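S.K.: sequence unknown, structure follows:
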DNA sequence: ACAACTTCGCTAGCGATGCTAGATTCTGAA
DNA sequence: TTCAGAATCTAGCATCGCTAGCGAAGTTGT
């Protein structure tokens, strides 16, 4: 019994090691630098070991993405609860969201840009992802008025996602980002002049 | 003189052929199916000819993207000019934008999702891309109020881009897209209740 | 303690990728 | 007709994700 549990523990540790190594490699050199060979070298095992933990490279990316969802949820929550008022909460969450994408572009890539095929719009959505969305929804709630809260939160999310990805991809000049976000917030905040 | 111009013409035709083949292949099977070998086979030349026209596969994608910008500009303009009033123009352009992404996902991928490294926020921006943005800006203008028109148009664009990509990637359920777009429009339309 | 068996991780290799060097064929002018 | 230069192809490199199959462990039963 103990012997098997020890093995399972070691396996879990190694799996965590793989995920961490993949994430670090992606964050420092981008996902195109994360090859199975380099990853195997990094964790000091041979390539096939990776496939005993994950179905393939995409599954490793998905695991990294799940980690990211947890962190995003935490940062959104911190931003929301630190706000003084309802408008500040919406703004803080928006800023935190884009800042997250800006600070961890590779992580954000795995979470929202690559086709990692995680369950999103289904009941089996990862809890951390649901928590992230919930933070957005709570920030949006005071400004929803008669609109459907979930739909409005999704729309706000989409707008933030658009700002983040277009800025990240060099489509929008970074130095004007704050002003764009301010415009968006003005349009999403209830009770504006 | 004529002999050289004939060669140049043939070269230009072949280049166009390559771009079209790449686009068709991408639209029917996705960009991951567009390999240099398959592309070469499709245009009935060997691989190296591709490299006499384009620096690499990315450059071919960029050329396809430029084609797409032209079509997008046309569709946005058609939607805007067909609208009855100012609110209808904003709505029409928004619908047309997302419909374009929905109808030509591979083309949209090349234009806005892949890192094709085209000049965006610089003076050398492709004319067709500038025209697309101009259409968005014109649709936004009546609703800008005291806000900076360019910035607001960028923000509207980002919101549409977010809706399009998240829906395309399965992050948002497609069947509720129209209602999300309606919410966005309500927040961007001037003179709402 | 030893043999049999299972689990584990490795070496080696497959097919495919983007891209390129060098040989070869074709073209047009002398 | 010969020949230089351009155009094109064949063949190959390094690398990719992934897997078959072997050998060395570790575990279990006698």
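M.R.: Arrived safely, thanks for sending. Nothing here was measured: the structure is a model prediction, and the numbers come from that model.
S.K.: and residue A:55, what is it in contact with?
M.R.: Shown in contact with residue A:55 (Cβ atoms under 8 Å, 6 or more residues apart in numbering or on different chains): no residues. For glycine as for every other residue, the C-beta is placed from the backbone atoms N, C-alpha and C.
S.K.: pLDDT score for it?
M.R.: You'll see residue A:55 listed with a pLDDT of 96.
S.K.: What of residue A:118?
M.R.: 81.
S.K.: In contact with it, which residues?
M.R.: A:62, A:65-66, A:126, A:129.
S.K.: The same query, at a cut-off of 7 Å, please.
M.R.: By Cβ atoms under 7 Å, 6 or more residues apart in numbering or on different chains, the contact list for residue A:118 reads A:62, A:65, A:126.
S.K.: Assign it to helix, strand or coil.
M.R.: When classified by DSSP: H, G, I helix; E, B strand; the rest coil, residue A:118 comes out as coil.
S.K.: where does chain A dip in pLDDT?
M.R.: A:1-5, A:191-193 (pLDDT under 70).
S.K.: about what we covered before: which ones among the contacts of residue A:118 map onto helices?
M.R.: A:62, A:65 (DSSP state H).
S.K.: DNA strand C contacts on chain A?
M.R.: Contact residues (Cβ under 7 Å from any atom of the strand) of chain A with DNA strand C: A:7, A:14, A:45-49, A:52.
S.K.: Spell out which parts of chain A neighbour chain B.
M.R.: Within chain A, the positions near chain B by Cβ under 7 Å from any Cβ of the partner chain are A:112, A:115, A:120-121, A:147, A:151-152, A:154-155, A:158-159, A:161-163, A:165-166, A:169-173, A:176, A:179-180, A:183-184, A:187-188.
S.K.: Just the buried residues out of those, in ChimeraX syntax.
M.R.: Entered in ChimeraX, the line below selects the buried ones among the residues of chain A next to chain B, by 16 or more other Cβ atoms under 10 Å in any protein chain shown:
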select /A:112,120,147,151,152,154,155,158,159,161,162,163,165,166,169,171,172,180,183,184,187,188
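S.K.: ok so, going back, sort out which one of the contacts of residue A:118 lies nearest DNA strand C for me.
M.R.: Closest approach to DNA strand C among the contacts of residue A:118 (Cβ to the nearest atom of the strand): residue A:62, at 20.9 Å.
S.K.: isn't that closest one right up against residue A:116?
M.R.: Yes - the criterion here is Cβ atoms under 7 Å, and residue A:62 meets it with residue A:116 at 4.4 Å.
S.K.: quick one, strands of chain A?
M.R.: Shown for chain A, no strands are assigned by DSSP state E.
S.K.: among the residues of chain A next to DNA strand C, which ones are buried?
M.R.: Buried members of the residues of chain A next to DNA strand C, scored by 16+ other Cβ under 10 Å, are A:14, A:45, A:49.
S.K.: Span of stretch A:163-177 from start to end?
M.R.: 8 Å (Cα to Cα, to the nearest Å).
S.K.: what are the ranges of the helices in chain A?
M.R.: A:2-29, A:36-43, A:47-53, A:57-82, A:86-103, A:105-108, A:127-140, A:149-168, A:177-188.
S.K.: quick one, what contacts residue A:167?
M.R.: Counted by Cβ under 7 Å, 6+ apart, residue A:167 has contacts A:174, A:177.
S.K.: Excluding sequence neighbours, find me the nearest residue to residue A:40.
M.R.: Sequence neighbours aside, residue A:47 is the residue nearest to residue A:40 in space, at 4.5 Å (criterion: Cβ to Cβ, 6 or more residues apart in numbering or on different chains).
S.K.: What separation do you get for that neighbour and chain B?
M.R.: To chain B, residue A:47 is 22 Å away according to Cβ to the nearest Cβ, to the nearest Å.
S.K.: if we can go back for a sec, mind putting the buried ones among the residues of chain A next to DNA strand C in TSV, distance to residue B:27 included?
M.R.: Below are these laid out as TSV (distance: Cβ to Cβ, whole Å):
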residue	distance to residue B:27
A:14	42
A:45	41
A:49	39
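S.K.: Find the residue closest to residue A:21 in space, skipping its chain neighbours.
M.R.: In this structure, residue A:21 finds its nearest non-sequential neighbour in residue A:42, 4.4 Å apart by Cβ to Cβ, 6+ apart.
S.K.: Now the residue of chain A at minimum distance from chain B: closest residue in space that isn't a chain neighbour?
M.R.: Nearest residue of chain A to chain B, counting by Cβ to the nearest Cβ: residue A:162, 3.0 Å away. Spatial nearest neighbour of residue A:162, excluding adjacent residues (Cβ to Cβ, 6+ apart): residue B:162 at 3.0 Å.
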